[in-house]
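Enquirer: For reference, the sequence and a predicted model appear below.
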Amino acid sequence: MNEITDLISTLATKSDLRHFLSELEKGSRGLFSTSQDTEKFLSEEFSARVASAISGYAASKKIDLSDPISATSFFKELRGELENVPVVNLHVAFEPTRKQLEGFSRWFSESLSRHVVFDVIYDPSVIGGAVIEYEGRRGDFSLKNKIGEKGLGF
């Protein structure tokens, strides 16, 4: 897995992505307002996995994060890539756990060969399963839909 994919895979929900973009913006501004070592700064501002992914991705692109001009351009490009991560609307009647979201994410990544983030929408009308919207298409994988299609069979 390359570094950008590793970084993106740490984000499960649209909320995670928004929060990370906000932290990235704050962090990239803070990087230049201090004179500390870049690696030290990343390790203090981000989780170990994210800091490693950021520095690994920068290294793979041969970006010197200690150079303000290169780093500014890098963070702008990274932000652009993250803003283009596809969003899947996931309508469910429960709040999925992080583990469940990671499972959904793995399935989508394997099926689509790309990572997605979920906009989890609480919908009590969804009974057993989920309704998924992606790129203008909608799939109803709920028990309610199955019952509606086949009837109760009495």
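Expert: Okay, I see it.
Enquirer: May I see the buried residues of stretch 16-32?
Expert: 17, 20, 24, 27-28, 31 (16 or more other Cβ atoms under 10 Å). C-beta coordinates here come from the backbone N, C-alpha and C atoms, glycine included.
Enquirer: That should have said stretch 71-81, apologies.
Expert: 71, 74-75, 78.
Enquirer: Same check on stretch 128-137?
Expert: 129-133.
Enquirer: Same check on stretch 80-87?
Expert: Those would be residue 82, for stretch 80-87 by 16+ other Cβ under 10 Å.
Enquirer: Need phi/psi at the nearest residue to residue 92 once chain neighbours are set aside.
Expert: Of all residues not flanking residue 92 in the chain, residue 130 sits nearest, at 4.9 Å (Cβ to Cβ, 6 or more residues apart in numbering). Phi and psi for residue 130, reported as degrees, to the nearest 10, are phi -150, psi 160.
Enquirer: In the sheet, which residues pair with residue 130? Tell me.
Expert: residue 141 (DSSP bridges).
Enquirer: Nearest residue to residue 147 in space, ignoring adjacent ones along the chain?
Expert: Residue 147 sits nearest to residue 127 (Cβ to Cβ, 6+ apart), 7.9 Å away.
Enquirer: Residue 93 is in contact with the one you found, correct?
Expert: Yes. At 6.6 Å, residue 127 counts as touching residue 93 under the criterion of Cβ atoms under 8 Å.
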